[in-house]
Every structure is written in structure tokens, then in C-alpha cells.
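Visitor: Take this sequence and fold it.
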Amino acid sequence: MLQKHLFIILAILIAAATVYGQDEKNETEPKNPIDVVMDKCLETNHGTMPRAKCYSTASESWQAVVKTSYAELLKLLPASGRPALRKSQTAWKQYQMGESAVIMTMYGSKRGTGYISVRIILLMKAYRDRALELQDHVQHYKP
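Guide: Okay, the predicted model is just below:
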């Protein structure tokens, strides 16, 4: 039983490190507001399910950023560049759906509430990465 709990804690820590690993590359760069809100939520919520809600809320925020940044970039690009962006977004959605299926296969049937956070964190990572990528494109493309 103790080994199971240790595994769950280790899995959560690994998943969180995967999400936050990119932030440590440049410590002078300010942290993204979504990550700041999530960190504050995690600091004040110590139970597994309340913390899962923190991750879930952050994931929903990243999903919204993907949508808004994609729409903004679509407007910024000339008509000739829009098909490439649409193709890229479609490919990303396919990747995200495939990754979701793998994560659910790996962790969906695991017992223990800790696995809920692991799934949410891993699913959130794909949205976070894409949101940051699209935001970066928007910032570099703006006149």
C-alpha cells in the first residue's frame, strides 16, 4: 500500500516537473499568469481532489489561450499563409487527441485519486505547449 502511494506521489511530481521544466530555462523571464494562478491554487489546496481542480482550471485556461491565439494569428497572417496554419492546427489537434488516448490508456484504469491529477497534468501539457507556441508566433509576427 505504501509503495502505491509513493508511486502516485512520484508520478505527480514527474508530471508537474515536465510541465514546469520549460519555465526554468530562463529564470529572468516572468512566469505565465496561468501558471501563477495555478501555483497559488496549489499552495492553498492540499487535498488531492482540490489540487486536481487547480490543474483542471489551468488546463481550461490553456485551452482558451490556444483558441484565442490561433484566431489572432489567423487574422494576422496574409491569406496565403492561413492554409499552412490551419494544417498545422489540424495536425496538432490530431496529436493532442492521440496523446489523450495514450494517457487515458495508461492512467484511466489506475486506482487512486492521485492518478486523476497525473492525467490532468499530462493532458494540460499539450495545451500549454501549444498555447505558448501560438502566443510566441503572434508576438513575433505582430507588426
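
Visitor: tell me the mean pLDDT for stretch 61-76?
Guide: Stretch 61-76 comes out with an average pLDDT of 96.

Visitor: quick one: it to chain centroid distance?
Guide: Stretch 61-76 sits 14 Å away from the centroid of its parent chain (Cα atoms, centre = their mean, to the nearest Å).

Visitor: what sits up against that stretch?
Guide: Residues from elsewhere that reach stretch 61-76 (Cβ atoms under 8 Å, 6 or more residues apart in numbering): 34, 37, 82, 85-86, 89, 124, 127-128, 130-131, 134-135, 137-138, 141-142. (Glycine included, C-beta is placed from N, CA and C.)

Visitor: From the contact counts, what lies against the helix or strand containing residue 136?
Guide: Following DSSP states H and E, one finds residue 136 within helix 114-141. Packed against helix 114-141 by the contact rule (3 or more Cβ pairs under 8 Å, 6 or more residues apart in numbering; DSSP states H and E) you find helix 2-20, helix 48-76, helix 82-107.

Visitor: Tell me what angle it forms with helix 48-76.
Guide: Calculated by axes from the mean of the first three to the mean of the last three Cα atoms, to 10 degrees, helix 114-141 forms an angle of 20 degrees with helix 48-76.

Visitor: Does residue 31 fall in a helix, a strand, or a coil region?
Guide: Of the three states, residue 31 takes coil according to DSSP: H, G, I helix; E, B strand; the rest coil.

Visitor: For it, the count of nearby residues, please.
Guide: Residue neighbour count, defined by other Cβ atoms under 10 Å, stands at 12 for residue 31.

Visitor: quick one, phi/psi of it?
Guide: Per-residue torsions, residue 31: phi -70, psi 140 (degrees, to the nearest 10).

Visitor: And it, how far from residue 70?
Guide: Separation of residue 31 from residue 70 (Cβ to Cβ, to the nearest Å) stands at 23 Å.
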